[in-house]
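> test case, fold it:
(one chain, ligands or ions: 1)
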Amino acid sequence: MHVKILGSAAGGAFPQWNCACANCSAVRGGTFRGKPRTQTQVAISEDGLLWFLLGASPDLRAQIEATPELHPRAGLRQSPITGVVLANADLDHVVGLLLLRELQPLHINATASVRRILLEDNSMFGMLQRIPNQTVWTDFKSRAQFHLCGAQGEDCAIRCEAWSLSAHYPAYVTTDRQSQLVPGEASLGFIIESPSGSRLAYMPAVPQLDNALLQQLDTCDVLLFDGTFWSDDELIRVQGSGQTARQMGHIPVETTLVKLAGVRRPRKIFLHINNTNPMLDEASPQYRQVRDAGWEVAEDGWQFDL
Ligand SMILES: [Zn+2]
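Below you'll find the predicted structure:
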């Protein structure tokens, strides 16, 4: 299975348009030891021809243009992107769907709750359903394995198991609608398995870790894991107010390093990194601590096969 990291930052990207934190300012000033990043986006493919997007970031157009494997190949209208797998309904995870609206057939996998939020409550997403079979939506449930199928229904040999990680829906979902939705369908992570049996964990938003999840992670070959915030009070210290990392659904990196210290099998990579996270700075003690603990900090353009 081919895996490409097209974007590795949290929502807002790095630098963020309205942010003058130490990291964002240093990037703009040309003094930062580290790289700017677009919003988190991963693409996977078994055969290198048909690709699935994990989420659809607001930076997707530029990310596709920066990735030759995702360019149109034959005919006037074509795309190697055949499907999308949605982990949640967060704007920085779904807005990119609207950029894929040019009548291109797509197979979109989501929980029924996420599908209802997008298609029933947010009429703009109707642009994905203007003609018959423009998009096919398939609902999946937590802890049930499903196969990734292309826009024409073809089985692409990749299996996916969703793990419910949070019952928290985005703030734009009305309380009335939230009362009709299934809590376990709000935010999920994926264990993705190739025909060869190699396993990739894609978990950009993990509010807490239990033993069942830890055991699953230790069966994987690669982790793409929540690296949003270094510490629980990071945003409050930078901004003077706001929510904690945990309130926003993200276990802090400094806690993850401890909790996953015993998970030794997989290659461990942080992604979905917020612009305030000190580990973005390769001259920082936090970056050193992450690397010493055997973790990597994802950068846009990274790719690997497993
Ligand atoms: Zn910033």
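
> check contacts around Arg73.
Pro80 (C-beta atoms under 8 Å, 6 or more residues apart in numbering). Any C-beta I mention is one placed from the backbone N, CA and C, and that applies to glycine too.

> what's it sitting at in phi/psi?
Taking degrees, to the nearest 10, you get phi -110, psi -50 for the backbone angles of Arg73.

> state the distance from it to Ser79.
Note on Arg73: its distance to Ser79, by C-beta to C-beta, to the nearest Å, is 8 Å.

> OK, contacts around the closest residue to the ion within the stretch 101-250 of the chain?
For the stretch 101-250 of the chain, the residue closest to the ion is Val238, as judged by C-beta to the ion, at 7.5 Å. Going by C-beta under 8 Å, 6+ apart, Val238 touches 21, 276.

> what about Val95, distance to Arg101?
Taking C-beta to C-beta, one finds Val95 at 12 Å from Arg101.

> again with Ala144
Using C-beta to C-beta, Ala144 is found at 29 Å from Arg101.

> of the two, which one has the most company?
Arg101 (17 against 9; other C-beta atoms under 10 Å).

> that one touches Gly126, doesn't it?
No: here Arg101 lies out of contact with Gly126, judged by C-beta atoms under 8 Å, at a distance of 9.5 Å.

> confirm that Leu214 sits in a helix.
Yes: when DSSP: H, G, I helix; E, B strand; the rest coil is applied, Leu214 is found to be in a helix.

> list the contacts for it?
Residues in contact with Leu214, defined by C-beta under 8 Å, 6+ apart, are 259-260, 262-263.

> list buried residues within the residues you listed.
Neighbour counting over these (16 or more other C-beta atoms under 10 Å) leaves 260, 263 as the buried ones.

> contacts for the host helix or strand of Asn23 next, please.
Under the criterion of DSSP states H and E, Asn23 resides in helix 22-29. Around helix 22-29, the neighbours that count as contacts under C-beta under 8 Å, 6+ apart are 14-16, 32, 34, 36, 275-278, 280-281.

> check whether Arg288 sits in a helix, strand or coil.
Recorded secondary structure, Arg288: helix (three-state DSSP).

> still on that earlier bit, pLDDT on the helix holding Asn23, on average?
For helix 22-29, the mean per-residue pLDDT is 98.

> list the buried residues of it.
For helix 22-29, burial by neighbour count (16+ other C-beta under 10 Å) applies to 23-24, 26-27.

> which residues in the protein form strands?
Taking DSSP state E as the test, the strands found in the chain are 2-7, 41-45, 51-54, 81-85, 106-110, 135-139, 145-149, 155-166, 187-193, 199-203, 222-226, 267-271, 295-297, 303-305.

> export those strands to a markdown table and tack on mean pLDDT, distance to Asn211 and mean neighbour count?
As requested, the strands of the chain are arranged in a markdown table below (pLDDT from 0 to 100; distance: least, C-beta to C-beta, whole Å; neighbours: other C-beta atoms under 10 Å):
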| stretch | mean pLDDT | distance to Asn211 | mean neighbour count |
| --- | --- | --- | --- |
| strand 2-7 | 98 | 27 | 22 |
| strand 41-45 | 98 | 26 | 25 |
| strand 51-54 | 98 | 25 | 25 |
| strand 81-85 | 98 | 26 | 24 |
| strand 106-110 | 98 | 27 | 23 |
| strand 135-139 | 97 | 28 | 17 |
| strand 145-149 | 96 | 21 | 17 |
| strand 155-166 | 96 | 13 | 19 |
| strand 187-193 | 98 | 15 | 24 |
| strand 199-203 | 98 | 15 | 24 |
| strand 222-226 | 98 | 16 | 26 |
| strand 267-271 | 98 | 18 | 22 |
| strand 295-297 | 98 | 20 | 19 |
| strand 303-305 | 97 | 28 | 12 |
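
> would you format those as CSV with distance to Pro68 included?
Shown next, in CSV, are the strands of the chain (distance: least, C-beta to C-beta, whole Å):
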stretch, distance to Pro68
strand 2-7, 11
strand 41-45, 12
strand 51-54, 12
strand 81-85, 13
strand 106-110, 20
strand 135-139, 25
strand 145-149, 22
strand 155-166, 20
strand 187-193, 23
strand 199-203, 22
strand 222-226, 22
strand 267-271, 21
strand 295-297, 24
strand 303-305, 11
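
> would JSON lines of those with distance to the ion be doable?
Listed next are the strands of the chain as JSON lines, based on distance: least, C-beta to the ion, whole Å:
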{"stretch": "strand 2-7", "distance to the ion": "16"}
{"stretch": "strand 41-45", "distance to the ion": "19"}
{"stretch": "strand 51-54", "distance to the ion": "25"}
{"stretch": "strand 81-85", "distance to the ion": "28"}
{"stretch": "strand 106-110", "distance to the ion": "30"}
{"stretch": "strand 135-139", "distance to the ion": "35"}
{"stretch": "strand 145-149", "distance to the ion": "35"}
{"stretch": "strand 155-166", "distance to the ion": "24"}
{"stretch": "strand 187-193", "distance to the ion": "24"}
{"stretch": "strand 199-203", "distance to the ion": "23"}
{"stretch": "strand 222-226", "distance to the ion": "18"}
{"stretch": "strand 267-271", "distance to the ion": "17"}
{"stretch": "strand 295-297", "distance to the ion": "16"}
{"stretch": "strand 303-305", "distance to the ion": "27"}
